[in-house]
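K.L.:
Here is a sequence with its predicted model. Questions after.
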Amino acid sequence: MKIEKSEIRIRIKGEENNKDLVLAKYLNSEKTPYKTKEMVMMALSAYWLPFAYKDKFGTVDRECILSCLYLLNLQRDYLLQMLGRESNGDVTELVSENIQQEKVISVSEDIQQEIKNELDILEEPKEGWFSPF
């Protein structure tokens with residue numbers, strides 16, 4: 001197998017409290033729980049890996065999508081903990097009180113149940129996929 005390299009560089013400039021700059025400084029600090037590269041790749045993979053696979057291979061396998069949902073669900077649970085709330089597993093449970101109901105796109109109950117069932121099955125990502133733990 002041929003080893004390939006790819007490089008991504010991001011330069012962020014802005015006012016002191018600019019959210020992108022605050023995030024970049026945090027990622028470059030020694031306060032992070034993981035190495036910067038691991039954190040960036042974990043976040044990017046959770047959001048964009050299925051699209052990259054679809055672009056390169058024309059299709060995305062179910063395990064890839066489920067692994068991404070697993071990571072996104074973990075992050076969601078961390079954020080809920082920061083709000084002092086516990087997750088009940090409902091993918092659509094928390095909608096900000098500031099968002100008007102008519103602007104919220106609802107997910108059908110069938111899809112919610114299917115996602116819940118898939119996430120319940122996964123205790124850890126399948127072999128070959130990374131885990132944040």
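P.N.:
Good, I have the coordinates.
K.L.:
Helices of the protein, start to end?
P.N.:
Assigned by DSSP state H, the helices in the chain fall at 19-28, 36-57, 62-82, 109-121.
K.L.:
Please identify the most buried of those.
P.N.:
Greatest average neighbour count among the helices of the chain goes to helix 62-82 (a mean of 15), per mean count of other C-beta atoms under 10 Å. For glycine as for every other residue, the C-beta is placed from the backbone atoms N, C-alpha and C.
K.L.:
Taking helix 36-57 as reference, get the angle to that one.
P.N.:
140 degrees (axes from the mean of the first three to the mean of the last three C-alpha atoms, to 10 degrees).
K.L.:
now helix 62-82: mean pLDDT?
P.N.:
The average of the pLDDT scores along helix 62-82 is 89.
K.L.:
Would you confirm that Gln75 contacts Ala46?
P.N.:
Yes: using C-beta atoms under 8 Å, Gln75 is in contact with Ala46, at 7.1 Å.
K.L.:
And this structure, what are its domain boundaries?
P.N.:
Domain assignment for the chain, taken from automatic domain parsing, gives 14-46, 61-89+100-126.
K.L.:
Flag the helix or strand of this protein with the lowest per-element mean pLDDT.
P.N.:
In the chain, no helix or strand scores lower on mean pLDDT, DSSP states H and E than helix 109-121, which sits at a mean of 54.
K.L.:
coming back round to it: out of the helices of the chain, which comes closest to Lys13?
P.N.:
helix 19-28 (7.4 Å; C-beta to C-beta).
K.L.:
and that closest one, C-alpha only, in CSV?
P.N.:
The C-alpha trace of helix 19-28 is given here as CSV (Å, rounded to 0.1, in the frame of the first residue of the first chain):
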residue,chain,number,x,y,z
LYS,A,19,-14.9,32.6,18.5
ASP,A,20,-12.6,31.1,15.8
LEU,A,21,-9.5,32.7,17.4
VAL,A,22,-10.5,31.5,20.9
LEU,A,23,-11.0,28.0,19.6
ALA,A,24,-7.6,28.0,17.7
LYS,A,25,-5.8,29.2,20.8
TYR,A,26,-7.4,26.6,23.0
LEU,A,27,-6.5,23.8,20.5
ASN,A,28,-2.9,25.0,20.5
